[in-house]
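**Q** Next come a sequence and a model predicted from it.
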Amino acid sequence: MKKINYILAIFFLVTGCNFSNNQIEEGENSRRFVFERFQQYAIIRLNEDLSFTNTWTVHGSIGGGPLRVALGEYRVENEQIFFMPKRLILEEYWCGFQFFLDSTRTFDTIDYFFCNSTKIHLHYWHIKSGNFEFLISDTLSNELDGFQPRHSNFIAFANLYNANIADRISESVFSNIDTIANVRYLISRENIPEKFRHLFLEELIKATIKSVEIIEKGWTWRGVRGLIPIYTLVSDRFDDAFIGMKLYLTEHTSERFYYPVTIIDKKDGVLTGRGVDLNLETDIKKGIPLSIGTILSTESVFSQDVRYR
């Protein structure tokens with residue numbers, strides 16, 4: 001119920017709120033692209049008059065959170081979209097669903113200004129395949145900005161394609177469908193720009209854990225220090241592995257199938273992978289990393305094999 005209220009709140013914001021300086025108008029044929037991860041939600045709307053809105057918010061466990069809306073114009077060129085923000089709405093704290101239903105509430109817009117907390121990504125590739133559309137950037141997987149994480153990039157898109165998992169827990173990208181599943185059947189490699197196509201594997205990659213080191217973070221939630229497993233792995237497909245690539249368990253022997261190992265370095269025939277903080281994994285026994293000899297794969301054990309109809 002909380003998630004439904006949250007999504008409805010965004011709907012009222014984008015389509016029903018009166019802005020004191022400018023009214024957001026949504027055309028009948030506007031295109032909507034959604035990005036959703038844990039406690040993060042973003043919508044990019046492209047209107048027929050070449051105007052856009054980029055809405056992003058984070059909600060906490062008990063409600064509330066920051067809200068950002070960028071408004072402006074966009075242009076399309078060679079299957080790429082370039083955004084030119086003009087105005088900005090900033091709400092640092094809001095109080096949940098009732099906040100948006102308050103008919104007396106107004107949202108003032110200001111001239112857009114560029115800084116770490118307001119910048120948006122200005123360039124996306126528009127990937128189309130049949131009825132499915134995606135907005136994908138060419139930023140690196142570890143880049144962040146203040147407005148929204150730049151997870152909607154070709155590395156994230158390739159991880160979804162390679163793993164073929166039917167959820168957004170591990171990765172997410174802007175798409176015109178609310179739930180991304182079976183990405184391998186949504187697109188063809190031929191629809192991917194050639195310079196990024198090597199990330200979308202024709203054959204899965206497997207790697208074996210050879211050693212593990214646990215490093216301690218300086219801080220984590222509620223004063224408990226984080227424990228990050230760092231794995232060294234070997235693979236006969238070393239040359240095809242890439243930084244940001246995610247590897248999953250290959251057998252139904254653990255509940256950790258949603259906790260991938262992310263490749264953070266590769267050199268001298270050895271891959272280095274970073275696991276998820278062991279102290280934050282609440283559904284498995286804490287503090288125990290994956291074992292030496294464990295085989296991981298770019299394709300998740302829960303890979304989906306059902307095509308969209």
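**A** Structure received. These numbers come from a predicted model, not from an experiment.
**Q** Tell me where the stretch 151-300 of the chain has strands.
**A** In the stretch 151-300 of the chain, strands defined by DSSP state E, counting those that start in this stretch lie at 174-175, 206-216, 227-234, 246-249, 261-267, 270-274, 295-297, listed in chain order.
**Q** list the contacts for N159?
**A** Taking C-beta atoms under 8 Å, 6 or more residues apart in numbering as the criterion, N159 is in contact with 170-171, 244-246, 298. Yep, even glycine has a C-beta here, placed from its N, CA and C like the rest.
**Q** Which of those fall in helices?
**A** When DSSP state H is applied, those are split such that none fall in helices.
**Q** before we move on, back to that, how about CSV for the strands of the stretch 151-300 of the chain, with mean pLDDT, mean neighbour count and distance to V69 added?
**A** CSV is the format used below for those (pLDDT from 0 to 100; neighbours: other C-beta atoms under 10 Å; distance: least, C-beta to C-beta, whole Å):
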stretch, mean pLDDT, mean neighbour count, distance to V69
strand 174-175, 90, 25, 16
strand 206-216, 93, 15, 39
strand 227-234, 93, 19, 35
strand 246-249, 90, 25, 31
strand 261-267, 93, 18, 31
strand 270-274, 96, 20, 33
strand 295-297, 93, 18, 40
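**Q** is Y231 in a bridge, and if so with what?
**A** Residues found in beta-bridge contact with Y231 (criterion: DSSP bridges) are V212, G273.
**Q** roughly how far apart are it and S300?
**A** From Y231 across to S300, the span is 17 Å (C-beta to C-beta, to the nearest Å).
**Q** One more: G244?
**A** 16 Å.
**Q** Give me the more crowded residue out of these two.
**A** The residue with more neighbours, out of G244 and S300, is S300; 24 against 18, by other C-beta atoms under 10 Å.
**Q** Just send the strands of the stretch 151-300 of the chain back as JSON lines, with distance to S30 too.
**A** Shown next, in JSON lines, are these (distance: least, C-beta to C-beta, whole Å):
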{"stretch": "strand 174-175", "distance to S30": "14"}
{"stretch": "strand 206-216", "distance to S30": "43"}
{"stretch": "strand 227-234", "distance to S30": "42"}
{"stretch": "strand 246-249", "distance to S30": "33"}
{"stretch": "strand 261-267", "distance to S30": "35"}
{"stretch": "strand 270-274", "distance to S30": "39"}
{"stretch": "strand 295-297", "distance to S30": "40"}
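**Q** For E73, find the nearest of those.
**A** Within those, the stretch nearest E73 is strand 174-175; the backing value is 18.2 Å (C-beta to C-beta).
**Q** Which elements pack onto that closest one?
**A** Contact here means 3 or more C-beta pairs under 8 Å, 6 or more residues apart in numbering; DSSP states H and E; on that basis strand 174-175 packs against strand 31-37, strand 132-136.
**Q** Can you list the buried residues in the first one?
**A** Yep, that's strand 31-37 we're talking about. Residues of strand 31-37 classed as buried: 32-37 (neighbour count, 16 or more other C-beta atoms under 10 Å).
**Q** Done for today, thanks.
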